[in-house]
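J.: The following comprises the amino acid sequence and a computationally predicted model.
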Amino acid sequence: MPRAAAPLAAPAAEPITARAPRASGSDFAPLLRTVREQGLLERRAAWYARGITVNLLLLAAIVAGLVLVGPSWWALLLAPPLALVSARMAFVAHDAGHSQITADRRRSRLIQLVHANLLLGMSQEWWNDKHNRHHANPNHIDKDPDVAADILVFTQHQTAGRSGLRGWLTRHQAWLFFPLTTLEGIALKVYGFQAVLSRKERVPARRRATEGLLLLAHVVGYVTLLLTTLTVGQAVVFAVINQMLLGLHLGMAFAPNHKGMEMPDPENCADWGHLRRQVLTSRNIRGGHVTDWFLGGLNYQIEHHLFPSMPRPHLRLAQPLVRAHCRRLRVPYTETGLVESYRQALGHLHDVGEPLRAGA
């Protein structure tokens with residue numbers, strides 16, 4: 001029987017999921033037992049194999065299309081489908097990092113290296129380290145890197161001392177959120193190379209070299225493809241459209257998940273326990289199979305956070321069990337429509353910037 005993922009962070013080089021949490025005597029134990037008994041933690045290798053095959057065929061078709069169309073502005077029509085396929089690669093890399101595809105760590109790492117580093121240009125080691133810490137303490141202002149003060153801030157406390165350009169960004173961050181996500185595709189590549197060159201002691205040199213070579217192969221392959229099929233001007237425009245749409249797609253998939261949800265008080269959040277820590281900080285998105293496809297299964301954010309190693313196609317099946325369990329425990333289970341989720345997330349960002357707007 002497969003094991004559920006631990007809520008504790010694992011080393012950066014390891015899959016994002018590890019041992020099952022200590023659930024005995026907790027609110028989480030009965031739910032974990034039911035999910036295990038129904039086989040929802042069993043891997044779905046064949047399901048993923050079909051999806052990966054389709055993604056690679058679509059990628060090959062887009063590359064062939066660029067070659068056949070040649071240096072024509074009509075080739076720009078292939079930039080949006082390439083962004084969609086690239087996002088699919090990102091979702092596969094995410095699932096491989098969580099050991100959703102296979103329990104074998106070496107195979108999981110290989111799948112993630114191919115999809116993240118080679119096909120997307122994103123560092124597997126950097127992503128796992130960052131995502132581990134997020135899963136361990138979602139929305140924790142001191143421990144979750146996803147809510148650390150940077151270009152965006154997520155609490156009014158983080159607005160203190162922000163002036164100049166950063167202050168202006170904070171005052172208008174709700175309006176700027178989606179435009180800024182268009183830079184995410186490029187940012188992932190930059191962060192990847194920075195991580196490889198940072199020489200972290202806990203990441204062996206051999207692993208860094210492998211990652212670096214794959215990241216370089218991605219950039220060289222991408223640039224070579226565009227410059228050998230298009231004119232320089234067309235290649236630049238294609239790349240801009242493609243990367244902006246990829247960033248926007250990824251931003252649309254990740255934005256609704258936690259922004260505007262509970263942010264644990266560092267002094268008492270330890271009393272929440274695994275179930276409350278994951279459920280109260282997460283938001284689900286209603287929808288059908290199209291929503292599942294577009295958001296890569298991340299619309300079942302509550303189920304994903306409770307069971308990170310659960311294969312993507314099982315999240316929908318686990319949802320009724322989780323919702324009913326939360327109802328019995330009187331734990332709020334947040335689920336909303338896609339548009340409403342963005343309204344709530346952007347509304348939170350707008351409220352955070354209020355002190356700076358008031359003092360402007």
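T.: Perfect, thanks for sending it. Numbering: from 1, shown residues only.

J.: Give me the secondary structure label for residue 26.
T.: Put simply, residue 26 is coil when judged by DSSP: H, G, I helix; E, B strand; the rest coil.

J.: What score does it have for pLDDT?
T.: Predicted confidence (pLDDT) at residue 26: the value is 83.

J.: Equivalent analysis for the one 4 residues further on, please.
T.: pLDDT for residue 30: 94.

J.: from memory it sits against residue 325, does it?
T.: Yes - contact criterion CB atoms under 8 Å: residue 30 and residue 325 qualify, at 7.0 Å. For glycine as for every other residue, the C-beta is placed from the backbone atoms N, C-alpha and C.

J.: Would you mind telling me which of these two has more residues around it?
T.: Counted by other CB atoms under 10 Å, residue 30 and residue 325 do not tie: residue 325 has more neighbours, with 21 against 14.

J.: Apart from its chain neighbours, what residue comes closest to residue 329?
T.: residue 27 (5.6 Å; CB to CB, 6 or more residues apart in numbering).

J.: Identify the residues contacting that neighbour.
T.: 273, 275, 276, 329, 331 (CB atoms under 8 Å, 6 or more residues apart in numbering).

J.: which one of those residues has the most neighbours?
T.: Result: residue 275 is most packed of the contacts of residue 27 (other CB under 10 Å), 25 neighbours.

J.: burial of the nearest residue in space to residue 90 that is not next to it in sequence, as a residue count?
T.: Computed as CB to CB, 6+ apart, the closest residue to residue 90 that is not its neighbour in sequence is residue 120, at 5.6 Å. As a burial measure, residue 120 scores 26 neighbours (other CB under 10 Å).

J.: Backbone dihedrals for residue 120, both of them.
T.: When quoted as degrees, to the nearest 10, the phi and psi of residue 120 stand at phi -110, psi -30.

J.: pLDDT at it, what is it?
T.: Residue 120 carries a pLDDT value of 96.

J.: Next SSE downstream of the host helix or strand of residue 127?
T.: Per DSSP states H and E: residue 127 is located in helix 124-136. Per DSSP H and E, helix 124-136 leads on to helix 164-171 as the next helix or strand towards the C-terminus.

J.: Only alpha carbons, please: show that following helix as CSV.
T.: In CSV, the C-alpha atoms belonging to helix 164-171 read as follows (Å, rounded to 0.1, in the frame of the first residue of the first chain):
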residue,chain,number,x,y,z
GLY,A,164,10.3,54.4,-4.2
LEU,A,165,9.7,51.7,-6.9
ARG,A,166,8.9,49.0,-4.4
GLY,A,167,6.4,51.2,-2.6
TRP,A,168,4.7,52.1,-6.0
LEU,A,169,4.5,48.4,-6.8
THR,A,170,3.0,47.6,-3.5
ARG,A,171,0.3,50.3,-3.8
